Every structure is written in C-alpha cells, then in structure tokens.
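Chemist: A predicted structure for the sequence below; I have some questions about it.
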Amino acid sequence: MKTLEHGRVRIALRELRSGPAPALLAVHGLRGSSEEWGDALASWRGAVHALDLTGHGRSARLAGGAYHPELLAGDVDVAIASTGARHLVGRGLGAYLALLVAGSRPDQIDGALLLPGDGIEGGGPEPVFDDLAERFAASHWRASGAGDGPSDPALSALEADIRPPAYATSFARRARRLLLAEDGGTRPPWWTAIRELGTARIVSTDLPDALADLAS
C-alpha cells in the first residue's frame, strides 16, 4: 500500500499486480475501497492499481468541507501521475469519476470502462435544488457521529448529483474512448445520456470480456 498526497488529504493506492505497460487504474464505487476488486481484474495484461478515494477505505477523511465528484476526480489525477496509468475502470461513483478524468485528460487517458454500481444517481433535465439543503444537512448530521466505520458518513452527499445529464455528456464528447458495460438494468440519467449520445461503445458486464475490449 502506497500513500499519496492530495491537498490536505492522504490517499491510499494499492498495487494489485505489478507488470509492464499498459497500466490500469481501478476506481471503486461509493463507500467501497480498493479491496473490492479482489482478483476481478486478473485478465488485464499489464500492471493493475486501485485507489481508496478520499473518505473511503484507508484514505483520510475530509476535515470540514463537502465531498463532490470533482474533488474525488482529483484523487484519480494524483493516482494517474503516480502510476502512469492510461486506462481506467470505474464502478458506480468510480465510473462517474473515470468519465470526468477521461474527458478532462484525453491526451493522457486512452480508454475508460464504466461499470454500474453505487453512487451518483444523477440529476434530471435541469438541476433541482429543492431538497439540496435537506440532503446536505442530513449528510453532515450523519458525519457528526461518524465513528470508525469504513467510510465517512458525509459521503451520502454523493448518492445523487444536482448536475444535469448534459454535464456528463460534455465530458463524454471529449474523452478519447469510453466503454459502457450494459446488462439491460436501470441506469442513472447521466449514464443514459452518454449511451444515447452514441460516442461510447457498449460492452458486456462480463469483466474479462469488457477488459479485453478496453485493451484492444
């Protein structure tokens, strides 16, 4: 386990397997950790790394402030700088972060595989602010009794997002290559918008097959 500095927070980076390029960086879902991947990425032909996002697993929690996707995308940026990874795989919240980074860094990221999972249900056609104060108040109330659980209760703010789907598609348009793992299940609005955009490739949720598509 390696520790990286991201602003005021130390984040944990795990090497799941050493090896040559191309390196793969795995990003877990909401309230998950690098440990959730296990041997699921064993079919990747190069090095495999996985990080614990801020507030998750062995990474530190925020001391004040609020969690938001762009903050955690910064964790991914730091891990990319450390590992040299040019391919991303993300689940749930991690998929959303992989999308943001792939769209922001098309010169550095050759491809990103987005898997369904927990976190970021997404907004509607327009941002909805009606329940925002109540939701954030609830997340900070939970955080006040955080204790020593595996993830920060304030992360509940990342269960949904006020951003409209057009925010996600703006990153999808800039990404070099996106793969959406589909099994016909219900998806959040941001995911549906990317699928309907038509720029992402639809692949199987069978992870070895999807990883083979990512590597090709």
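Modeler: Thanks, I have the structure now. Numbers count the residues shown, from 1 in each chain.
Chemist: ok, so what distance separates the residue nearest the centre of the chain from residue 63?
Modeler: The C-alpha lying nearest the average C-alpha coordinate of the chain belongs to residue 94 (Cα atoms, centre = their mean; 1.5 Å). From residue 94 over to residue 63 the distance is 23 Å, taken as Cβ to Cβ, to the nearest Å. All C-beta spots, glycine's among them, are computed from the backbone N, C-alpha and C.
Chemist: Show me which residues of stretch 178-185 are buried.
Modeler: When neighbours are counted by 16 or more other Cβ atoms under 10 Å, the buried residues of stretch 178-185 are found to be 178, 179, 180, 181, 182.
Chemist: what do you get for stretch 104-113?
Modeler: In stretch 104-113, counting by 16+ other Cβ under 10 Å, buried: 104, 105, 109, 110, 111, 112, 113.
Chemist: measure the fifth one to residue 37 for me?
Modeler: Separation of residue 111 from residue 37 (Cβ to Cβ) stands at 18 Å.
Chemist: what does the second one give?
Modeler: In this structure, residue 105 and residue 37 are separated by 22 Å, where distance is defined by Cβ to Cβ.
Chemist: any idea how far residue 81 is from the residue nearest to residue 27 when sequence neighbours are not counted?
Modeler: With sequence-adjacent residues excluded and distances taken as Cβ to Cβ, 6 or more residues apart in numbering, residue 27 is closest to residue 94, at 3.3 Å. Distance of residue 94 to residue 81, given as Cβ to Cβ: 18 Å.
Chemist: again with residue 181
Modeler: For residue 181 relative to residue 81 (Cβ to Cβ), the value is 26 Å.
Chemist: So in the chain, which helix runs the longest?
Modeler: Using DSSP state H to define each element, the chain has its longest helix at helix 69-83.
Chemist: Just checking: what are the partner strands of whichever helix or strand comes after it?
Modeler: Taking DSSP states H and E as the definition, the helix or strand that follows helix 69-83 towards the C-terminus is strand 87-91. In its sheet, strand 87-91 lies beside strand 24-27 (parallel), strand 111-115 (parallel), with partners assigned from DSSP bridges.
Chemist: just checking, next helix/strand downstream of strand 87-91?
Modeler: Past strand 87-91, further along toward the C-terminus, the next helix or strand under DSSP H and E is helix 93-104.
Chemist: Residue 114 against residue 90, yeah?
Modeler: Yes. Using Cβ atoms under 8 Å, residue 114 makes contact with residue 90 at a distance of 6.0 Å.
Chemist: shared neighbours of those two, anything?
Modeler: With Cβ atoms under 8 Å, 6 or more residues apart in numbering applied, the overlap between the contact sets of residue 114 and residue 90 consists of 98, 99.
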